[in-house]
Structures are given as structure tokens and as C-alpha cells.
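> Predicted model follows, preceded by the sequence.
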4 protein chains.
Amino acid sequence: MGSIRKIAVFTSGGDAPGMNAAVRAVVRTAIFNDLQVAGIYRGFEGLIEGDIEPLSARSVNHILQRGGTILKSARSKDFKTKAGRAKAFEKLKSNGIDALVGIGGDGTFAGAHVFNKEFDFPFIGIPGTIDNDLVGTDFTIGFDTALNTVIDAVDKIRDTAASHNRLFFVEVMGRDAGFIAAHAGVASGALAVLIPERNMSIADLVERLSEARRHNKTSSIVIVAEGGKSGNATEIATKVNELAPYYETKVTILGHIQRGGSPSCFDRNLASRLGVASVEKLIQGERDCMVGMINQKVVSTPFAEAISDKLTIDPELLRIADILSI
Amino acid sequence: MGSIRKIAVFTSGGDAPGMNAAVRAVVRTAIFNDLQVAGIYRGFEGLIEGDIEPLSARSVNHILQRGGTILKSARSKDFKTKAGRAKAFEKLKSNGIDALVGIGGDGTFAGAHVFNKEFDFPFIGIPGTIDNDLVGTDFTIGFDTALNTVIDAVDKIRDTAASHNRLFFVEVMGRDAGFIAAHAGVASGALAVLIPERNMSIADLVERLSEARRHNKTSSIVIVAEGGKSGNATEIATKVNELAPYYETKVTILGHIQRGGSPSCFDRNLASRLGVASVEKLIQGERDCMVGMINQKVVSTPFAEAISDKLTIDPELLRIADILSI
Amino acid sequence: MGSIRKIAVFTSGGDAPGMNAAVRAVVRTAIFNDLQVAGIYRGFEGLIEGDIEPLSARSVNHILQRGGTILKSARSKDFKTKAGRAKAFEKLKSNGIDALVGIGGDGTFAGAHVFNKEFDFPFIGIPGTIDNDLVGTDFTIGFDTALNTVIDAVDKIRDTAASHNRLFFVEVMGRDAGFIAAHAGVASGALAVLIPERNMSIADLVERLSEARRHNKTSSIVIVAEGGKSGNATEIATKVNELAPYYETKVTILGHIQRGGSPSCFDRNLASRLGVASVEKLIQGERDCMVGMINQKVVSTPFAEAISDKLTIDPELLRIADILSI
Amino acid sequence: MGSIRKIAVFTSGGDAPGMNAAVRAVVRTAIFNDLQVAGIYRGFEGLIEGDIEPLSARSVNHILQRGGTILKSARSKDFKTKAGRAKAFEKLKSNGIDALVGIGGDGTFAGAHVFNKEFDFPFIGIPGTIDNDLVGTDFTIGFDTALNTVIDAVDKIRDTAASHNRLFFVEVMGRDAGFIAAHAGVASGALAVLIPERNMSIADLVERLSEARRHNKTSSIVIVAEGGKSGNATEIATKVNELAPYYETKVTILGHIQRGGSPSCFDRNLASRLGVASVEKLIQGERDCMVGMINQKVVSTPFAEAISDKLTIDPELLRIADILSI
């Protein structure tokens, strides 16, 4: 694969803090290795439309610390069709692009995998999503920043919860995964954490609240993952109130603030490492895989594997959450 | 009124960042003037129940920078009855308390005013509410901090809005006043601000969105005050989507994070000044009034006046919001 | 002055958070009023060199929340010479620029005033400096943000001071003015504030420290303005240690973090208002003056006056600092 | 060791964000396991003086998010003497304490190891230091938070560096280790990182600066570890200026702000896990060791080993720092 002369980079799916740091690392590593580099705007959608521009080492000045993605992101219906992917391939050829780096989540990698099978095109993925729901890496880019945003918000909510002896239900993102909820729950001292991966009935929750009351806890926070089986935070709060009317309950849905903000040091370094690795591995001939960090080493995982499995939450985390909420 | 020997301080109504800074200032100014000082927990409710404890200069160490209120807050139904207020008066007498400082909003001051009329008790109020909806002061304690919390959240939302070319509706607090929305709207570069004080029809809003589109704005934020006439943020987003289906709209309700957090420098200094002034004015014989800062000077406003008027939003602010959103 | 068709804007002197918000407001207000607008890079230096570019409403997208200045800043030796100013005037003419808005401090306005006298050129200044040392406005752009940065840093230092029962000397900026030190001192609960405007001898300071010790204060912060008469923070700490060896003293010089960061809501709104006003006043025929906010109204002050006087620190602030540090 | 009925916990050495989260975890895990628990104030010093108080699950409410340490910290000369340690042992006996958890760094563990040899007392350590210079754990408590504090400060400095085309030298903590400098250097896009573990001559540094200049970098940040061999940041800046006078150089020493602040999510969770593990391992009979997290699993490392080795910085990190600074 010594024949790679020009790499293109894009971001896709939900945006995550640190995507810009990854873009910067891809661009500068390509240039460091005497490759040309281009940016594709709005993911697969922009690729199909040919929304592509050359990037230089200076194009990515001062983006390391910025939230969002300078390359913008979009979900593409066209790329799900064979015709769309054929157009994408044509645009790559006509722009002289020999290899692709895509920063995104499982949807992005599923698309990339199909594309690779059809066109045998050098393509490496970098895991960028706040949800942390990918195998092949211990952490995805954006997860750590989202966690810090969540606990900062819960700290603020605790101020007012403690001032009024209230019960707060705080809904966090994560799609059908409970990583944000579980990690932020421990870190914010939540009384309980409701996640898709573990069932906790409303009755169990009410029992735990009653116990907290007996232990003189004056305020309580319950973290609810958006994809949980017991309903969203508002529904759960209503059900709890019926069984435990002595609480003044409030609901906060943190929403899209979790996707933004300047990336944490952890996310900037993760993104920098994976950005460097993606280009170096393309040069070395790897393709159709995602780069990740496992036990602090860079590893590659075939797309086929990365998109078929689900990462599971460490049961230790849930166990200590229970101990520490007494 | 040289006869004041013991002052009590309490917080009441919705909590606001900076309330602790005001409590600290009241306590230390009292001690500086050789008065005793006590804290009443949970506002009027705790007063009626006699939930009162002595405070020292060291009791208020390290609270200046904390959100919430160490004295906790509550709304009291009992204090709205003559019997409840009579009990409150008794508790003050039995605890040897000669004067009261209450930190809160218009509900607190309305209660205080009735109490003063009935019992002729030295009572001064300090405006502590994030809503900024009181006459007699340019700014209430907590307003500036809430604004910084809001714009920090909107900055994060803008990251993701700009990454996806989306339209976001962000609902902020303020009860029936639009101060938070108007000030945060200008400071966060919102395309439009919907506030109770000014009518903007859905058609006008859609027209403005279309204009922004023509001007190549790639993302847009609309700030919605919770008490607005066009409905809450979710309702407005739905209506806009019907008329302008080409937008991908998202809604975020910021909720109680706006009440928490470490107070800003502005709020700490405002709280410190008003806390000092409240005690000094009690010593000088003032009562039945609220202290506030107007044009950077401390002024007193009779409770009767403070609770009857409504502060109006500076029309200049709305005018420049319109200019700057082009 | 209905003849103004093209305005140029620049930033000059030390940068301050909110300068970008002011630039944005100038640009959009000019366009709103059907004027052309250009940006001059690196202040007077860039003006002399002709480093000038046209700006559009979109050029200033997403800069409202950014620290620093997109127009960069510099100090110019050439502009202090008659020849330099003549070159500057030429560049204005050759670029078709009819009026100037300069964002900076007293040095900038002194230069502008000389230029106005020589060339009778429409020129309005906007006060942008973290030092707050200008008459003609209650607050300068950047001051509020710098204060929040300082108290956030001091809050962190207090964590460690309180953990070790230490005495910390924290040096803050402000050139020969003590505004940052005085405001941040009250807001961070400093034991003492050393500012150029008020003399406090080392002996007095040691006496105050001893008193704090008697009152069982376990940690203490002393805020030192960089321009104070008793020396810088390191020198003062050494002298105090000689007289009071029982303290473990530490010194922190906050330095340039005080100039950066995303501007606060207060600074964004102040910058927005003054940016709008500067253009509107140019259109109305004003010149050779600085716009400022006094008692929440926009006012103009002739440059000659703005640069000759010194704003004084409100003695009330120093008085309450003393009361609250007991 | 089923005979453990009462555990005491203390913090020692330099304080670090997350120490309170660890204290909370120790206390609640002890109570969860029906043990009694006490807090020793001011580390070994307080132990020798008998400054010990019982703690309950409620004693540690609302400390999870606080910087510093509620148990305070100190360095003890007495504990370095046999007589001092004998007194410490006596105090443990007279207070009915059967086991110790100490949160600190290598100095703390060295003392603990000697104490264990002399008195065969169940004693487990938790790594709490911002320096990250311990073997037996991938990360120490406080390191991640300190990194986020550093990059937030450097982001602010970059605002002003970029506005003035300046060269900034930023000195960070780490004693004789370069972990903070190396990690923060990558994450803040530093042009160069000077650490004790790797030699970079002033000439090399100047060469790199010249190259950056040729590549049109308009501002540059150099991160300097405090324990580096080329001198401190001020000395290095002076030497660079002599060789490269065309730069306007500035120096910032970040100082003790790096030790404070609310802990990050990462540090809170690390502290929570290690706090739980320390108590569970004591119950299981372990002693004379430090608990740490390696590859996301809790492991124990004998004190003897933890204090004899030095963790080394991942050379990959330094390699990518060089690539990304082009």
C-alpha cells in the first residue's frame, strides 16, 4: 500500500467533543508522512455530493480545543443505497483520494464495511461518539467529556436539590447503552442509576428511596439512561410520585449540552493518538477496521467485529454504585 | 433601634447562587457590630417550627463560593395564615431575636410585609432570585450566575447545532419574566428570543428563520422564556416545524442547572454588599424594606413598593438583539 | 456625516475577553445600516502596513464566545511618530475607509486622539481592557471575565490552602490599578487586598494575619495587585515570612490566564451594546470620543477626558472587604 | 483478619482533587461492611497527636465533588522518628483502630511501609497525587483533574498568545516527573514539551521554534515541567530569548491552581473504586500494599515495590507530540 498519496478525512453520525482533535491529528500525520490530505464535509452525504476541500497543517490550527466538528456531520440516506455508494466511490476517484479515515460510531462503520466490501477501498475508522458503546476500544472519543459535562450539571442540580430536600430525576444520553448513566451515576453520588443493561423496577427504586430517607439523606439524585426499559425520566418520576407522594420530585433532561463543549484532556489525547494511528496503519496497509485503545495500547478491530458486538458495562461499577449510595 | 442585640437570617423561595455569600455577609457584619446572630433553616417554615441555630464567623467559612443555601429553603403554607405568623413571632421572641434578614424574592417580601404590619418587627429583605424580576435593584443575587450557566450551555449546544446545521429551541427559566431569556439571548447570539414581555408570532419567527437561511446562517438557536405566551419550547418547535419542515429542530429545556453552581464574581460581590447593608440598615433603624443596588449604590425600597411593581426589560437590549442576529 | 460609507474596526493594546463580541457587533451594525465594513489586523501597526480585509456578517459567525481577538493586537511604535500616522491616514484613504472604531485601552485612545487632531478623521473608541482603569464607563470589556477567572483560580488555591493550613499570596493583573485585586478580593474572601490605591504596610498585614490566627482562621489568601507599592507577591511573601515565620507561605502569580477565556455574559452584552453604539454614533456624526456604559446607559466621553482622568475604586468595596475578612 | 472492627482513614502529602471522593468511599464501604470508621486529621502528624474523630455515612455527604481534603494533610517530621511512630501506634491502639487506609503518594507509602515492618499493622495505601509518578497504578487520583486544569489554563493563554503572535513558556507541576507536562502538552497542542525524562537542549528548542516560524505558526506554547534539567520556565525563556530575540516571550507558572478544583468524573470514579477496594482488601487480610487500577482492574502492589520503582512516560506520547506540533 505504498501507493497511498492522498487521504481524506470526515466525521459522521452524532458529533462528539474531540472529533476536531482527531481531524487535526489525521491531517498533520498525513502531512508529516508527505501525503496530501482533504476534508470531506457532512460525512457520507458530502462525499456523495463531492463537498471536498484540501486541508493543510494550518487548516487545523486552533481546533484541538473546540467542540463540534469543523467538517460537520450528517446522516446519509443515499449512502445506504448501492447507487449512492457508487457515486461516493466515483467522487473519491475523481478527487484523487486513495484512502479514507472516518470518525464516527457504529452506523458509520457499518456503512464503511459495506463500502469496503463493494469497492475494496482503504478505509479506517476512529471511534467518535459520546455513547461509548463500541467494542474494540476501552473508550470512545467524546465519552469522557460528556461525563464531565454531566457531573458538572448534576453538581449544579444537587445544589438546589440539597437546598430544598428534593428528589431529582436526571435523564442522560447514551441511546440504548447505559455507559454515561453508570459512570456519571457513581461520579455524582446518585442514589440510583437506571440503565438499559440492568432492570430495576419502580418498586425497587421506591424501596431504595425509602431506605435513603430512613438514613436521613436529605436530597437524592436518580440518573436515568434515555434508553432504559422503565420509561423516560418523566414517566419514571410520575410513577415514583404515585407510590411515594411524600417526595417533591423534579425532572431534568440534560439533552444536547452533552454533545458539546471543549474536549477534556483525556479525549484530546485519545483523539490525537487514534488520529495518528489511523494514518500510520493505512500507510502500513491496514484497512476495513477501526483503531481503538485497549489497555492504553492502540489496537485494530475489523469493522465486521466492531459492529456486531456490544460492549458491556463493568459490573464492578454497578456494584460500587450500590455500596456508595448508602 | 439601638436595642437590636440579636439578628436572625434565613433564605426563602427558590434558591439562587450567591445566597450563601449573602448569609456570610449578614453573619460577619452582625458579629463585626457586636451583635449575636442566628440562622433559621428552611425559611418561614423553619421559623414557625423553631429550627434555629446560633452562627459564628467560622460557621460561614468556605461558603462564599458555594451554590445553594446552607440554610436551606422552603415554601411555607403556614406562614400565609395569621396563626402561622403568630407562631413565627413567638419563636422569634423565645429565641431572643430582635431583627430579621430574609433573602429571597417577591413571595418572601410579601410575607415579610404582612408580618411587619402585624407585629411591627424589624425586618429587611435581600433580593435573591435568578429571575431578576424585582424593582428596587438593578440586579438580583443569582441572576448573573444563571446567565453564565445559560450561555455556557448554549455554547455547548451551538457546537452540535453548527455540526449538523440544526435549529435548536432552548427553554430557560424566569417564571413570568423574560430577563434571563433576553440577556442570555444577546450574549449567546440567538437568532430570536421569545419572552412574555414582547409578542412574536410563530409566523414572525418562521419569517425570521427563512431570512436567516437566505443569509446562509448554518445553525440557529432560539431562546424561549418559560413563561412566554406562544407556549413552551416543545410546543413552539412543533408549530415551527409544521410551517418550516425543512429544518431539523431540537429542543433543550435547561431546567434546574440554572439555579446551581458557584456564584460569579458579580453575584458574590452583590451579595456581600447587600448582606453588609442589610445589617447596617437594621442597626440604623430601617425596616420593612428591601436593600438593593441601583447605579452601584445601595438603596432601600419599602417592601410595599418592591412587591407591587414589575421591573421592565430595557428595550435597548431587545433592539440590539434584532440588529445582531442578522 | 451622512457621508460615511465604509467603517473599519480594529483591536489594540492588551487583548481582553469580549473584544471579539465587540468586533461582531460593529460589523453587523454597520451592515445592518447598509455600510461596508473592513477589519484592520494588529491595530495601528497593521493599519500602517495596510493589513486590511473586508468583513461580512458571516465573517463574524461564532466569534461571540471566543477569547482573544480575531483581528489580533499589537503595540505600534510607528504610530507614535507623525510619519507613521500620516501613512496610516493614507492607507485609510486608499482603502476607502471613512470612519474608524478602535477597541482598546487608554494607550489606544491617546493615539486616536492625536490622530483625530491631525487628520480630523471620524474615530470612536470602545473600552476593551481587563484592567477597568478608564473613566467614561462603569466597566470595561473583559473586566468581568477576568474577575471570574481570578476567583475560579483562587477557589482552587483555597482548596489546597485549606488542606494544609497555608498562607497564599496571589498576584493578579491590573497594571497600576487595583480594580481586579479589590473586586476579586471581596469575591474570593481574601484576608487582605494589597492595591496601589491604598497603602497597607507589611506590619499592618502581619497584624491582620495574627488576628486571623487568633480567630482560628485555618487558611488565608492575600490578593496582591501587580502594581502595588509594597512590591510584588514574592517580595511581600518574603517580608511577611521574616516577621511571621510560623506561616508556611506560598506564592502564585496568575499571569496571562487572566486575559483569555470565553467572555462572560456580562462582557458579551457590554461588548454588544458598545459595538452597536459606536457605529450608530459615527453615523450620527460623533467622533473623537469613547462610548461607555454608565448606570446602564450608553454615554460618550471625549477621548481627551477619557485619557486624562483615572477611575477610582469605590471605597465602599474596600470597607466591606475589611468587615467580611473577620 | 476477620478481627478488623474499626478502620481509620487519613490523607497525607500534597493534596489532590479526588481525595475526598476516596475518603467518602472508604467510610461508606466500611459502614456497608458493618465496621466502624474514624478520620485522622493532618496525616501522620495528626495521628501522633491523636487528632481523630469518628465518621458516619452522613459525615461524608456532599464531599465527593469537593477539591482539597476534609481530613487535611500535612508532612510529619515526627513520623520519621522511631519515637514518633511508636506514639502513632499507641494512638491507634487507644482509639481501638485495627486497620489504616492512607491516601497519598510515595512519601506516605514509604512511611507506611516502615510502620508496617515495625508494628505489623494492617495498612493499605491509595495513590492520591497529581504527579502520577507511582508504579502499581496506571493513574493516580488527581492526575486527570490536574490535566484538565492545565489545558483549560493553556487554552486561555493561547487566546492571548494568538492575539499577539507571542511565544509562551508555561511551567507545570510534577516534581521530578514529566507526566503532567507530557499529557498536557499533547492535549494543548504545545510546540514543545520539556520534561526531566527526556533531554532537549536550548539549541534544539530554538531550532524547533525557527521551524515553526517557517511553517507560519503565529503563536506557540512551550510546556515546561518544573523538575526539568534545562532549568525552570523563566530561565529557559531567558536563554531562548538570547538565541532568538525576534520572539516576544512570556512566562506563566501555573502553580497551586493545579492542586485544587472539583475532581473530574475520571478521578471521582477512580477514587471511588480504590476506596471500596482498600476496605475490602483489608477485610480479606491484605496489608502493606497499595491498591491501584491497571488496565481497568483493581490490583495490589506491595509498598516495597511501589516506592522503589519509577513509572515511565509512554514514549508513544512523546512521539505523537512531535508529529502533531508541525
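Nice, I can see it.
> going forward, measure contacts and count neighbours with C-alpha atoms only.
Noted.
> What is the burial count for residue A:117?
10 (other CA atoms under 10 Å in any protein chain shown).
> how about the host helix or strand of it, does it reach chain B?
Assigned by DSSP states H and E, residue A:117 falls within helix A:106-119. No: judged by CA under 8 Å from any CA of the partner chain, helix A:106-119 and chain B are separated, with a smallest distance of 15.3 Å.
> Next: stretch A:220-240.
No: against chain B, stretch A:220-240 shows no contacts by CA under 8 Å from any CA, the least distance being 12.4 Å.
> still on that earlier bit, sheet partners, orientation included, of the helix or strand just after the helix holding residue A:117?
Counting by DSSP H and E, the next helix or strand C-terminal to helix A:106-119 is strand A:123-127. Using DSSP bridges, strand A:123-127 pairs in its sheet with strand A:99-104 (parallel), strand A:289-294 (parallel).
> Give me the angle between strand A:123-127 and helix A:106-119.
Here strand A:123-127 runs at an angle of 170 degrees relative to helix A:106-119 (axes from the mean of the first three to the mean of the last three CA atoms, to 10 degrees).
> Let me know the pLDDT of whichever residue of chain A sits closest to chain D.
Nearest to chain D, among the residues of chain A, is residue A:295, at 4.8 Å (CA to the nearest CA). pLDDT, residue A:295: 96.
> Do I have it right that it meets residue D:297?
No: counting by CA atoms under 8 Å, residue A:295 stays clear of residue D:297, with 10.2 Å between them.
> re the thing from before, just put the strands paired with strand A:123-127 in JSON lines and tack on mean neighbour count and distance to residue A:70.
Formatted as JSON lines, the strands paired with strand A:123-127 follow (neighbours: other CA atoms under 10 Å in any protein chain shown; distance: least, CA to CA, whole Å):
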{"stretch": "strand A:99-104", "mean neighbour count": "26", "distance to residue A:70": "12"}
{"stretch": "strand A:289-294", "mean neighbour count": "24", "distance to residue A:70": "21"}
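> out of the ones you listed, which comes closest to residue C:64?
With CA to CA, the closest approach to residue C:64 among the strands paired with strand A:123-127 belongs to strand A:99-104: 28.0 Å.
> Show me the contact partners of the closest one.
For strand A:99-104, contacts defined as CA atoms under 8 Å, 6 or more residues apart in numbering or on different chains pick out A:4, A:6-15, A:19, A:22, A:26, A:108-109, A:121-129, A:278-279, A:282.
> Show the buried residues in these.
If you count burial by 16 or more other CA atoms under 10 Å in any protein chain shown, the buried members of those come out as A:4, A:6-15, A:19, A:22, A:26, A:108-109, A:121-129, A:278-279, A:282.
> quick one, what contacts the residue in chain A that chain C sits nearest to?
Ranked by CA to the nearest CA, the top residue of chain A for proximity to chain C is residue A:66, at 10.4 Å. By CA under 8 Å, 6+ apart, the contact set of residue A:66 is A:17, A:18, A:20, A:21, A:261, A:262, A:263.
> which one of those has the most neighbours?
residue A:18 (38 neighbours).
> Who are the contact partners of it?
Neighbouring residues of residue A:18 by CA under 8 Å, 6+ apart: A:64-68, A:128, A:141-142, A:262-264, A:267-268, A:271.
> Identify, from those residues, the entry nearest to residue D:53.
Lowest distance from residue D:53 to those (CA to CA) belongs to residue A:264, with 37.4 Å.
> Nearest residue to the closest one in space, please, no chain neighbours.
residue A:145 (5.2 Å; CA to CA, 6 or more residues apart in numbering or on different chains).
> residues contacting residue A:279?
Applying CA under 8 Å, 6+ apart, the residues near residue A:279 are A:26, A:29, A:30, A:101.
> Using just helix, strand and coil, how would you label residue A:79?
For residue A:79, the secondary structure call by DSSP: H, G, I helix; E, B strand; the rest coil comes out as helix.
> so what pLDDT did the closest residue to it other than its chain neighbours get?
Leaving aside its chain neighbours, residue A:79 sits nearest to residue A:85 (5.2 Å; criterion: CA to CA, 6+ apart). Confidence at residue A:85, expressed as pLDDT, is 97.
> elements contacting the host helix or strand of residue A:85?
Assigned by DSSP H and E, residue A:85 falls within helix A:82-94. Where contact means 3 or more CA pairs under 8 Å, 6 or more residues apart in numbering or on different chains; DSSP states H and E, helix A:82-94 is packed against helix A:43-49.
> So for the helix it packs on, what gets flagged as buried?
For helix A:43-49, the neighbour count (16+ other CA under 10 Å) marks A:43, A:44, A:45, A:46, A:47, A:48 as buried.
> what sits against the last one?
Neighbouring residues of residue A:48 by CA under 8 Å, 6+ apart: A:78, A:79, A:84, A:85, A:87, A:88, A:91.
> again, 6 Å this time
Residues in contact with residue A:48, defined by CA atoms under 6 Å, 6 or more residues apart in numbering or on different chains, are A:87, A:88.
> Mind checking which residue lies nearest the centre of chain A?
Nearest to the mean C-alpha position of chain A, by CA atoms, centre = their mean, lies residue A:129 at 1.8 Å.
> so what pLDDT did that one get?
At residue A:129, the model reports a pLDDT of 97.
> Just read off the phi/psi values of it.
phi -160, psi 140 (degrees, to the nearest 10).
> Now do the same for the nearest residue to it once chain neighbours are set aside: its pLDDT.
Leaving aside its chain neighbours, residue A:129 sits nearest to residue A:16 (5.3 Å; criterion: CA to CA, 6+ apart). Predicted confidence (pLDDT) for residue A:16: 97.
> Check the contacts of residue A:66 and tell me the two furthest apart.
Applying CA to CA across those, the maximum distance is between A:21 and A:261, 12.7 Å.
> roughly how far apart are the residue of chain A most remote from its centre and residue A:203?
Within chain A, residue A:214 marks the point farthest from the mean C-alpha position, 38.3 Å out by CA atoms, centre = their mean. To residue A:203, residue A:214 is 17 Å away according to CA to CA, to the nearest Å.
> and if you look at residue A:150?
Applying CA to CA to residue A:150 and residue A:203 gives a distance of 26 Å.
> of the two, who's got more company?
Neighbours of residue A:150 and residue A:203, each counted by other CA under 10 Å, are more numerous for residue A:150; the result is 28 against 13.
> C-terminal to the host helix or strand of that one, what's the next element?
Following DSSP H and E, one finds residue A:150 within helix A:143-164. Remark: after helix A:143-164, the chain's next helix or strand is strand A:167-172, criterion DSSP H and E.
> what about stretch A:171-188, distance to the chain center?
Mean-position distance between stretch A:171-188 and its chain equals 12 Å (CA atoms, centre = their mean, to the nearest Å).
> Please read the previous query as pertaining to stretch A:124-135.
With CA atoms, centre = their mean as the basis, stretch A:124-135 stands 6 Å off its chain's centre.
> Enumerate residues external to that stretch that contact any of its residues.
If you take CA under 6 Å, 6+ apart as the criterion, stretch A:124-135 is touched by A:16, A:101-105, A:139-143, A:174, A:287-291, A:306, A:311.
> From the opening residue of that stretch to its closing one, how far?
By CA to CA, the extent of stretch A:124-135 from end to end equals 15 Å.
> Repeat that for stretch A:306-316.
Stretch A:306-316: ends 23 Å apart by CA to CA.
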